[in-house]
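In: coordinates for the following, if possible.
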Amino acid sequence: MLLSITRKTPSGKTLTQPTVVSMSLGETAIIDCNVQIDQHSVKWLKQVPGCHPPYILGFHHSHSAPANYGTGFSSRRFTSKANNKIEYQLIISNVEASDSAVYYCHTWDSSASFEVSQ
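Out: Below is the predicted model of the structure:
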């Protein structure tokens with residue numbers, strides 16, 4: 001099983017997360033994202049080749065659970081957490097073959113008035 005993470009860094013903003021995360025089916029995947037800007041929330045998206053990236057969930061750093069989920073995603077397998085307003089994690093429980101994709105963390109940089117995706 002391979003969960004692949006690709007870095008997307010528009011407008012010179014630095015976002016840090018590992019390039020590839022590998023695990024066996026049934027394990028728990030933890031995908032880190034460091035947005036390098038002091039933000040209150042992130043959105044997570046999943047990109048499968050040839051498809052529009054669906055929204056997985058939105059997470060505010062001060063909450064204990066995601067604020068909302070996209071269609072087809074639920075708290076049964078997907079959640080998120082924040083160590084602070086910069087470091088976030090997407091957690092996928094009981095990994096399935098269909099979870100193999102490119103995952104993006106996305107936030108808004110209000111100081112520069114543009115969106116930052118990774």
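
In: where exactly do the strands run in this structure?
Out: Assigned by DSSP state E, the chain shows strands spanning 2-4, 20-22, 29-34, 41-47, 55-60, 68-69, 78-82, 87-92, 102-109, 114-117.

In: so can I have CSV of those showing mean pLDDT and mean neighbour count?
Out: Bear in mind the C-beta positions are built from the backbone N, C-alpha and C, glycine included. Converted to CSV, the strands of the chain look like this (pLDDT from 0 to 100; neighbours: other CB atoms under 10 Å):
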stretch, mean pLDDT, mean neighbour count
strand 2-4, 48, 15
strand 20-22, 75, 13
strand 29-34, 87, 18
strand 41-47, 88, 22
strand 55-60, 90, 20
strand 68-69, 91, 14
strand 78-82, 92, 20
strand 87-92, 90, 20
strand 102-109, 80, 21
strand 114-117, 46, 16
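
In: residues touching residue 94, list them.
Out: Applying CB atoms under 8 Å, 6 or more residues apart in numbering, we find residue 94 in contact with 26-28, 77.

In: swap in residue 73?
Out: Contacts of residue 73 (CB under 8 Å, 6+ apart): 54-57.

In: nearest to residue 22, of those residues?
Out: If you rank the contacts of residue 73 by distance to residue 22 using CB to CB, residue 56 comes first, at 19.6 Å.

In: now that closest one. Nearest residue, chain neighbours left out?
Out: residue 44 (4.2 Å; CB to CB, 6 or more residues apart in numbering).

In: next one: residue 43
Out: residue 106 (4.4 Å).

In: likewise residue 67?
Out: Closest to residue 67 by CB to CB, 6+ apart is residue 58, at 4.8 Å.

In: specify the beta-bridge partners of the one you found.
Out: Here residue 58 sits in beta bridges with residue 43, residue 68, going by DSSP bridges.

In: go ahead and confirm it touches residue 40.
Out: No - with contact defined as CB atoms under 8 Å, residue 58 does not count as touching residue 40 (10.9 Å).
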